[in-house]
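Engineer: Quick one, fold the following:
(one chain, ligands or ions: 2)
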Amino acid sequence: TKGGESTYPWDLEKNYTISSVLGQGSFAVVRKCTDKRTNVDYALKIISKDVIKGKEQMLTTELDVLKQVNHPHLVTLHELVETKDNVYIITDLASGGELYSQLEQRGNYTEKDAAHLVEQVLKGVIYLHDHDIVHRDLKPENLLFSDATSPNPKLMITDFGLSKILKHHDDILMTACGTPGYVAPEVLSQKGYSKPCDIWSIGVILYTVLCGYTPFWGHDQAALFNCILKGQYEFDEDYWNHISNEAKDLINKMLTYNPDERITAHDALKHPWFEYAAKLNIDSN
Ligand code: ADP
Ligand code: MG
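Structural biologist: Ligands and ions are numbered 1, 2, ... in the order given. Sure, this is the predicted structure:
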């Protein structure tokens, strides 16, 4: 550019005011932006083509598909701008931050609150699965609250569709900064994966939000992977004795090792725990 100041392409600057950094992922920087035409705020995800070298076409195709999905619990695509060096993805803004940070602050959630969270995730995943989209990387870092101020904020799934392109098996193994604890065993063992792998991840999320720690653990990544591949977990009495059998039953059905026998998103949402948890009094939990 003429002044050497602008780091954004004209296509983008023409229509958007670009402001503060919202977050940094393993593949992208995410900034807040405002559409000048409507004054609506969005998130701008900047992906360098270097990191997706050879897969640019795949990314664009995938994003064209994602432009057509639209659901209250999915961070949906607004616009896509591509240059020689970068891909700019403009999506719904989720200003409430990650479930991961909330969980870190709160330690854990009551059954009532956890049910409200997981219900929203399941609704988003049902929509994805009905459109034959598998997320594959569901974890508290990829669940964003729409708004920080509301007492009962809406939860939205992000990064769907991208995981397929950005996160191949080797990447999962090598991404030291990522949390691979939510990955299904069939994804790790490369046996082929499909919709059930998302349910496994939601099972890990549900377990984690209820007790404050993950069901699978290892002192290093290899040990963690072995733990997941064994598929064994416990409801340690010290942390789980006050948690309902309904919750544990749903977790067991989501963390069923054989993906063919695992509960589906549709059936999970019909599980009696949701009705049970909704009736719980906050004080008695
Ligand atoms: P990566 O795919 O590289 O991991 P993410 O899409 O997860 O990148 O984005 C990185 C971080 O940026 C997220 O963890 C979150 O903190 C923030 N972020 C991402 N998307 C949004 C959004 N739509 N609204 C607000 N913050 C976001
Ligand atoms: Mg991410």
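Engineer: What about Ser270, how many residues nearby?
Structural biologist: Actually, residue 270 is Lys. It isn't Ser. As a burial measure, the neighbour count of Lys270 was computed by other CB atoms under 10 Å and equals 11. Glycine gets a C-beta too; all of them are placed from N, C-alpha and C.
Engineer: how much space between it and His71?
Structural biologist: Applying CB to CB, to the nearest Å, one obtains 19 Å for the distance of Lys270 from His71.
Engineer: give me the element Ala222 is part of.
Structural biologist: With secondary structure defined by DSSP states H and E, Ala222 is part of helix 221-230.
Engineer: same thing with Ile199?
Structural biologist: Remark: Ile199 resides in helix 196-211, with elements defined by DSSP H and E.
Engineer: could you give the angle of that helix to helix 221-230?
Structural biologist: Per axes from the mean of the first three to the mean of the last three CA atoms, to 10 degrees, the angle that helix 196-211 makes with helix 221-230 is 110 degrees.
Engineer: helices and strands around helix 196-211, which ones?
Structural biologist: Packed against helix 196-211 by the contact rule (3 or more CB pairs under 8 Å, 6 or more residues apart in numbering; DSSP states H and E) you find helix 99-106, helix 111-130, helix 185-188, helix 237-240, helix 245-254, helix 265-269.
Engineer: can you list the residues that contact the last one?
Structural biologist: Put plainly, it is helix 265-269. Residues outside helix 265-269 that contact it (CB atoms under 8 Å, 6 or more residues apart in numbering): 119, 122-123, 125-126, 129, 195, 198-199, 202, 250, 253-254.
Engineer: sorry, back to before: mind putting the helices and strands packed on helix 196-211 in a markdown table, mean neighbour count, mean pLDDT and distance to Thr76 included?
Structural biologist: A markdown table is the format used below for the helices and strands packed on helix 196-211 (neighbours: other CB atoms under 10 Å; pLDDT from 0 to 100; distance: least, CB to CB, whole Å):
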| stretch | mean neighbour count | mean pLDDT | distance to Thr76 |
| --- | --- | --- | --- |
| helix 99-106 | 15 | 93 | 18 |
| helix 111-130 | 21 | 96 | 10 |
| helix 185-188 | 21 | 86 | 25 |
| helix 237-240 | 11 | 97 | 36 |
| helix 245-254 | 18 | 98 | 25 |
| helix 265-269 | 17 | 98 | 18 |
